[in-house]
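Trainee: Just need the structure, nothing else, for what follows:
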Amino acid sequence: MKVGKQDQAFSAICTSDAHTINIRGKELATELIGEVSFTDHFFFLVTGQMPMPDQRALLDAVLVAISEHGLVPSNQAARMTLAAAPDAMQGAVAAGILGCGSVVLGSTEACGRFLERIVARAREEATSTKEAARAELTEMRAARKPVPGYGHSQHREGDPRALRLIDLANRRKVAGTHVSVLEEVEKLIPDIYGRHLPINVSGAIPAVMLDAGFPAGALKGIPILARTASLIAHLHEEASRSIGFILAGNAAEAIAYDGPGLAGNRAD
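Mentor: Residues are numbered from 1 along each chain as shown. Just a heads-up that it's a prediction; the model follows:
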């Protein structure tokens with residue numbers, strides 16, 4: 001039984017035989033291993049093209065920028081999973097990655113789509129990106145939707161990671177339409193939402209990478225790949241300096257019972 005469109009059952013990423021492994025037209029052992037960086041290889045796998053120097057530098061920068069931010073939910077979930085199943089690092093990594101949703105990490109993709117909508121609207125309505133951004137924000141405000149890529153619970157005065165990425169894009173003369181729209185939106189938000197929301201790293205990443213020519217459909221993969229590196233570091237530490245059960249215990253102490261009757265003594 002067919003499920004979905006299967007008229008062309010092909011893949012252009014990899015094939016192999018008894019002697020060679022071909023990745024997008026390059027021989028893995030002789031043309032890629034020891035010849036390209038992992039950042040190059042990631043860009044090549046996604047796009048089929050080796051990155052230009054500016055593309056490589058910015059992709060490197062965003063991967064570093066988004067990989068680690070302390071005991072965020074994804075890292076906590078991974079560490080508690082490993083504490084409960086010390087033999088399953090892969091399960092613990094998966095537990096952390098499963099937390100990459102619309103609020104944490106996934107907002108990179110959401111902001112990318114938001115920026116693309118503004119650019120497309122400006123083109124379709126033959127207006128400026130500023131007016132297109134104003135219209136988009138007004139509609140979102142009316143629908144009580146948050147603006148992806150703006151605001152941060154800790155970096156209220158400005159996300160230093162975002163500022164650095166935008167500065168790098170400007171210095172390399174890669175910053176273009178999407179970075180411009182990102183900054184225009186930040187200026188419009190106070191009038192429409194009634195408060196200042198600075199650009200965060202999940203806003204800077206799609207703006208910089210879209211201007212650098214990275215495909216919009218793969219934007220979510222950037223934080224997923226970056227956070228995987230961080231998860232492995234947390235799990236390596238967890239194996240020798242476990243805090244997983246401490247995290248779980250502190251959570252139990254921090255949450256008060258407000259259900260019917262008394263909580264009583266319950267077995268785990």
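Trainee: what separates the residue positioned nearest the centre of the chain from Leu82, distance-wise?
Mentor: Nearest residue to the geometric centre of the chain (Cα atoms, centre = their mean): Pro223, 3.1 Å. Distance, Pro223 to Leu82, using Cβ to Cβ, to the nearest Å: 21 Å. C-betas here are computed from N, CA, C, even on glycine.
Trainee: Could you check how far stretch 3-14 is from the centre of its chain?
Mentor: On the basis of Cα atoms, centre = their mean, to the nearest Å, stretch 3-14 is displaced by 27 Å from the centre of the chain it belongs to.
Trainee: How far does that stretch stretch from one end to the other?
Mentor: Using Cα to Cα, to the nearest Å, the span of stretch 3-14 from its first residue to its last is 23 Å.
Trainee: Now do the buried residues in the longest helix anywhere in the chain.
Mentor: With secondary structure taken from DSSP state H, the chain has its longest helix at helix 221-240. Of the residues in helix 221-240, those with enough neighbours to count as buried (16 or more other Cβ atoms under 10 Å) are 221-228, 230-231, 234-235, 238.
Trainee: How about stretch 34-43?
Mentor: For stretch 34-43, the buried set under the neighbour-count rule, 16+ other Cβ under 10 Å, comprises 36, 39-43.
Trainee: quick one: which of those is nearest Val104?
Mentor: Phe42 (21.2 Å; Cβ to Cβ).
Trainee: tell me which element the closest one falls in.
Mentor: Assessed by DSSP states H and E, Phe42 sits inside helix 38-47.
Trainee: Could you export the helix or strand just after that helix as CSV, CA atoms only?
Mentor: Proceeding C-terminally, helix 38-47 gives way to helix 53-67 as the next helix or strand, assigned by DSSP H and E. C-alpha atoms of helix 53-67 as CSV (Å, rounded to 0.1, in the frame of the first residue of the first chain):
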residue,chain,number,x,y,z
PRO,A,53,34.2,30.8,3.5
ASP,A,54,31.5,33.1,4.9
GLN,A,55,29.0,30.4,5.0
ARG,A,56,31.4,28.1,6.9
ALA,A,57,32.3,30.8,9.4
LEU,A,58,28.7,31.7,10.2
LEU,A,59,27.5,28.1,10.4
ASP,A,60,30.4,27.5,12.8
ALA,A,61,29.5,30.5,14.8
VAL,A,62,25.8,29.6,15.2
LEU,A,63,26.6,26.0,16.1
VAL,A,64,28.8,27.3,18.9
ALA,A,65,26.3,29.9,20.0
ILE,A,66,23.4,27.5,20.5
SER,A,67,25.1,24.4,21.8
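Trainee: For the helix or strand just after helix 53-67, name the packing helices and strands.
Mentor: Past helix 53-67, further along toward the C-terminus, the next helix or strand under DSSP H and E is helix 73-84. Packed against helix 73-84, as judged by 3 or more Cβ pairs under 8 Å, 6 or more residues apart in numbering; DSSP states H and E, are the following elements: helix 89-97, helix 221-240, helix 244-254.
Trainee: All good on my end, thank you.
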